[in-house]
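Asker: Below are the sequence and a predicted model for it; my questions follow.
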Number of protein chains: 2
Amino acid sequence: MSWAARGFPLEEYRGRVARAQAAMEDAGLDALLLTGEADVRYFSGFLTRFWESPTRPWFLVVPAGGDPVAVIPSIGASLMAQTWIEDIRSWRSPDLEDDGVSLLAEALREVAGANARVGLPMGAESSLRMPLADFKRLEAVLSPVTLVGDAGIMRALRIRKSPAEVDKIRTACRIADRAFDRVREIAGEGARLDEVARRFQMLCLEEGADWVPYLACPCGPGGYSDVISPADGHVFSPGDVLMLDTGLVRDGYFCDFDRNYSIGAPSPEVQAAHRQLLEAVDAAMEIARPGVTAADLFHAMDRIVTGGQGGSDTGRLGHGLGMQLTEWPSLIPQDHTSIEAGMVLTLEPGIEVGMGKILVHEENIVIGDHGAEFLSSPAAPDILCLEARP
Amino acid sequence: MSWAARGFPLEEYRGRVARAQAAMEDAGLDALLLTGEADVRYFSGFLTRFWESPTRPWFLVVPAGGDPVAVIPSIGASLMAQTWIEDIRSWRSPDLEDDGVSLLAEALREVAGANARVGLPMGAESSLRMPLADFKRLEAVLSPVTLVGDAGIMRALRIRKSPAEVDKIRTACRIADRAFDRVREIAGEGARLDEVARRFQMLCLEEGADWVPYLACPCGPGGYSDVISPADGHVFSPGDVLMLDTGLVRDGYFCDFDRNYSIGAPSPEVQAAHRQLLEAVDAAMEIARPGVTAADLFHAMDRIVTGGQGGSDTGRLGHGLGMQLTEWPSLIPQDHTSIEAGMVLTLEPGIEVGMGKILVHEENIVIGDHGAEFLSSPAAPDILCLEARP
């Protein structure tokens, strides 16, 4: 992908703002106040890894009419000026007395009115990225302006991806595909797990990832005990099952899928379990289209991996993804979100292969008008095998 | 560093808890409630990249007496059981009705009492990592238990690093030192910035980084316009100045320093500016010891880079670091935090080199009883030069 293909055309951002403003009108909101990386970037295109620093708050105000207003630390003003956002108000942060609160309050009153209702994401999978004491102070100085929930607007907007967003996720998936295809170069009997983790991230970068925010790599004989462990000094021996699960980023969008590898020939149990996981993915793909629910996708997979017992402790069999590693909805029995065209999802069935041992497989898909399409290149039913280190 | 040297001995965690409990007694708090990655890990040792997923909240309760209690999604129970934490309460998350709130409320009432004051970090550089609506619900169901600020306890504990923590940061710095030493292998005239960014992260990994959460790499003729830009498709030509600023992680601890490179010979202005930055670092090192303040360190550098004008829009000339890329204190005129032995700081002076162009240099240091020691291998006064690509 060339550099020129990065970012989005202006119409993409204007469309997002217009949809947000229509929803604000329905919800009786005068503005949205956004503090999180993905929400701020969704409307502005402001892309930086500087959010890794927890020191400074960043604010974007999306009024019910007109363009968004950025209220940000001056360290980011130059980069924000390269986006389409024109109204950029900045202060020298960190300011121990008033870290943007007064400036934000002023901007909110100006664009939303003195009696406004301002919506913030407050629901599932959200969090407020500013000090809680400053939020309470903001509430106090803004009164009678009230800070309320965003009526699910950010979720409703971001849960469906535009074609341009889907392209970015597809690109990220292809990069991971190529990295997974090269795992034989770095892993095999006698290799060390932490070294393999390091080398796999290098493969992701070499194949085109901008950065690699997520990698899990559990490994154990005949299966692993969890799916979130970082790498340790484990040395691979025959019969081990290694899982590599990566969330790499390209141009601000994630992929999130995994591959399982058997060191040497797999046991019949491991082989059967892996095939069942792929069957479960197929079962979900068969029904995945607009109109089914997140719960339907869960049950399609759960029938195969547990015989319909309702899941396991990993809690869900897939989820949305996009600007974040994981997003709404959740493929769980309780989530009745209607699946719509443009949703990008992981299908992530897990299966027990003995006492305290599991295998988890994951693919990425996008929902179209009449069915679903893989964004990751789907794995074969037989588990991949790694031999002695090259 | 061998795998065996990872983590901390149990006494390290017990000491942290004991210090927290002494401070809680002074502050009249019955428990601390922690929701952020670094705070949870500080007491538990729970290390995973899974926090990249914003879906699930995680809670650690540190009571005024006794051991911490983890209230966490079941997906993490197996990994938490490998830490020293014994009281682990988990639920199947995400739960759309009650994502841990009831379980947390019950644990808080049990360990802190029915009329407890529970402290949370609410001040500068903190944020609450759970949905705001769930926090409000927690406040409601807990009443008359009250959720208040943590009286600065987490800041006071984490701002001073133990010798074992300093060792981890030193290890991270040495890894970055080695990566910076190899930049000539990947960058020079004709190279592309985004490719160099990718290759530099690969060098960090090859030299021992577990992962690379932060890299900024601004580049421009005779200087750059900001310090937080991600890489773009810029092709290096003679006279460009490249800055690589990395926050890589080893065993859960960051380094955070940068190096500047001139493509071909630097202009006299760039060379002079770089030397001034190194002078500024030396001036801060000369006075850095217990008893001076963060502001004193600021002024020592500011005198050299602006002639004492009080700083620039980047906002500060250094900061703490450790489990996070940036931590308290801030080297700014308003921060009168007393510098103490065990603090790990960046010295990060910036200087203007023409209209809208800056150079920023950064080193990492640790404060000892009688002075400071470099953790990064300090750069030479002359800016490094890169030639035609090898």
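Answerer: It's in. These numbers were taken from a predicted model, which means no experiment stands behind them.
Asker: mind listing the helices for the stretch 101-250 of chain A?
Answerer: Ranges of helices in the stretch 101-250 of chain A, per DSSP state H, counting those that start in this stretch, are A:101-112, A:132-142, A:153-158, A:163-181, A:193-206.
Asker: In the last one, which residues are buried?
Answerer: So that's helix A:193-206. Neighbour counts over helix A:193-206 (16 or more other Cβ atoms under 10 Å in any protein chain shown) mark A:Leu193, A:Asp194, A:Val196, A:Ala197, A:Arg198, A:Arg199, A:Phe200, A:Gln201, A:Met202, A:Leu203, A:Cys204, A:Leu205 as buried. Every C-beta, even on glycine, is put in place using the N, C-alpha and C of the backbone.
Asker: Check which helices and strands it sits against.
Answerer: helix A:163-181, strand A:211-216, strand A:240-250, helix B:193-206 (3 or more Cβ pairs under 8 Å, 6 or more residues apart in numbering or on different chains; DSSP states H and E).
Asker: how about low-confidence regions in the stretch 51-200 of chain A?
Answerer: Along the stretch 51-200 of chain A, no part satisfies pLDDT under 70.
Asker: Get me the contact residues on it for chain B.
Answerer: A:52-56, A:73-79, A:90, A:92-97, A:99, A:120, A:122-133, A:136, A:149, A:194, A:197-199 (Cβ under 8 Å from any Cβ of the partner chain).
Asker: repeat that with 7 Å
Answerer: A:52-55, A:73-76, A:78-79, A:92-94, A:96, A:99, A:120, A:122-133, A:149, A:194, A:198 (Cβ under 7 Å from any Cβ of the partner chain).
Asker: Ok, the stretch 251-390 of chain A next?
Answerer: Checking the stretch 251-390 of chain A against chain B by Cβ under 7 Å from any Cβ, the hits are A:Asp313, A:Thr314, A:Gly315, A:Arg316, A:His319, A:Gln324, A:Leu325, A:Thr326, A:Ser330, A:Ile332, A:Gln334, A:Asp335.
Asker: Restrict those to the buried ones and give me that as a ChimeraX selection.
Answerer: Burial among these is assessed by 16+ other Cβ under 10 Å; the matching ChimeraX selection reads:
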select /A:313,314,315,316,319,324,325,326,330,332,335
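Asker: Of all pairs in the buried residues of helix A:193-206, which one spans the longest distance?
Answerer: Farthest-apart pair in those is A:Leu193 and A:Leu205; separation 19.1 Å (Cβ to Cβ).
Asker: which residue does the stretch 101-250 of chain A bring closest to chain B?
Answerer: A:Gly233 (3.0 Å; Cβ to the nearest Cβ).
Asker: measure that residue to A:Glu387 for me?
Answerer: 21 Å (Cβ to Cβ, to the nearest Å).
Asker: one step back: what's the neighbour count on the residue of the stretch 101-250 of chain A closest to chain B?
Answerer: For A:Gly233, the count of nearby residues is 12 (other Cβ atoms under 10 Å in any protein chain shown).
Asker: Report the contact partners of A:Thr293.
Answerer: Counting by Cβ atoms under 7 Å, 6 or more residues apart in numbering or on different chains, A:Thr293 touches A:His336, A:Thr337, A:Ser338, A:Ile339.
Asker: Please indicate which of the residues you listed has the highest neighbour count?
Answerer: A:Ile339 (21 neighbours).
Asker: doesn't A:Val292 make contact with it?
Answerer: Yes: contact criterion Cβ atoms under 7 Å: A:Ile339 and A:Val292 qualify, at 5.1 Å.
Asker: domains for chain A, by residue range?
Answerer: Annotated domains of chain A cover A:3-157, A:163-386 [automatic domain parsing].
Asker: Now do the shortest one: distance to the chain's middle.
Answerer: Between the centre of domain A:3-157 and the centre of its chain there are 20 Å (Cα atoms, centre = their mean, to the nearest Å).
Asker: List the contacts of the nearest residue to A:Lys168 once chain neighbours are set aside.
Answerer: In space, and not counting its chain neighbours, A:Lys168 is closest to A:Tyr253: 3.8 Å by Cβ to Cβ, 6 or more residues apart in numbering or on different chains. Shown in contact with A:Tyr253 (Cβ under 7 Å, 6+ apart): A:Glu165, A:Lys168, A:Ile169, A:Ala172, A:Gly322, A:Met323.
Asker: One more: A:Ala284?
Answerer: By Cβ under 7 Å, 6+ apart, the residues touching A:Ala284 are A:Leu297, A:Ala300, A:Met301, A:Leu347.
Asker: Can you tell me the element it falls in?
Answerer: Following DSSP states H and E, one finds A:Ala284 within helix A:268-287.
Asker: Please spell out which residues along that helix are buried.
Answerer: A:270-271, A:273-274, A:276-281, A:283-285.
Asker: Also stretch A:230-250?
Answerer: In stretch A:230-250, counting by 16+ other Cβ under 10 Å, buried: A:230-232, A:234, A:236, A:239-250.
Asker: Kindly check the end-to-end length of stretch A:377-384 for me.
Answerer: Across stretch A:377-384, the terminal residues are separated by 14 Å (Cα to Cα, to the nearest Å).
Asker: hey, C-alpha coordinates of stretch A:297-313 in CSV?
Answerer: Below are the C-alpha coordinates for stretch A:297-313, written out as CSV (Å, rounded to 0.1, in the frame of the first residue of the first chain):
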residue,chain,number,x,y,z
LEU,A,297,-23.2,-16.5,15.9
PHE,A,298,-22.2,-17.5,19.4
HIS,A,299,-24.6,-20.4,19.4
ALA,A,300,-23.6,-21.6,16.0
MET,A,301,-20.0,-22.0,17.3
ASP,A,302,-20.9,-23.1,20.8
ARG,A,303,-23.0,-26.0,19.5
ILE,A,304,-19.8,-27.4,18.0
VAL,A,305,-17.2,-26.6,20.6
THR,A,306,-19.2,-27.5,23.8
GLY,A,307,-22.2,-29.2,22.4
GLY,A,308,-24.3,-26.2,23.3
GLN,A,309,-23.4,-25.7,26.9
GLY,A,310,-23.3,-21.9,26.6
GLY,A,311,-19.6,-21.1,26.5
SER,A,312,-16.5,-21.0,28.7
ASP,A,313,-14.5,-18.8,30.9
